[in-house]
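In: next come a sequence and a model predicted from it.
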Amino acid sequence: MTRVAGAKLLSALDPRGLAIYALELVVVGITYFGLANVSLTVASIHSSAIPLWAPAGLGFAAVLLRGIRVWPAIFAAAYAAGVPTDLVGASAADSIIGTLHGSAVAIASARFIPENLSTGNAIDVRF
């Protein structure tokens, strides 16, 4: 018996599965936003602080553990953390869009780099 693609789609629309997915997005988004605010605060208080972007590590870990489907939470949290910065003028929108792409696309592509460099075995560490 062959499996059809529609069967996987219908199982993805299960209310319990959607609730778990929404919870994953909320947890990743809130954690990313909190780390981004802490990192921005530390960088603004201490001028000699090394600008280590801790949310990038969280996003990378979330994508490795939960899969590429958590990228909307990373994208939304990066936008929410980047909006209140003191950027003014037309370049502010360009800076925010660049930051969004840097946060979301870099983390999403980081999922596929180890898979392409491996010996053909896909990396799957979901629990």
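Out: Right, received. Where do you want to start?
In: which stretches of this structure aren't confidently modelled?
Out: Where the chain drops to pLDDT under 70, the residues are 1-13, 49-52, 84-96, 114-127.
In: ok, which stretches of it are strands?
Out: Using DSSP state E, the chain contains no strands.
In: list the buried residues of stretch 102-111.
Out: If you call a residue buried by 16 or more other Cβ atoms under 10 Å, then stretch 102-111 has these buried ones: 103-104, 107-108, 111. C-beta here means a position set from N, CA and C on the backbone, and glycine is covered the same way.
In: I meant to write stretch 66-74 there.
Out: Counting neighbours by 16+ other Cβ under 10 Å, stretch 66-74 gives 66, 70-71, 73-74 as buried.
In: among those residues, which are located in helices?
Out: Residues of the buried residues of stretch 66-74 located in helices (DSSP state H): 66, 71, 73-74.
In: and Arg16, how many neighbours?
Out: 7 (other Cβ atoms under 10 Å).
In: any idea how far Gly82 is from Ala104?
Out: Separation of Ala104 from Gly82 (Cβ to Cβ, to the nearest Å): 12 Å.
In: which helix in this protein has the most residues?
Out: From DSSP H, the single longest helix across the chain is helix 15-45.
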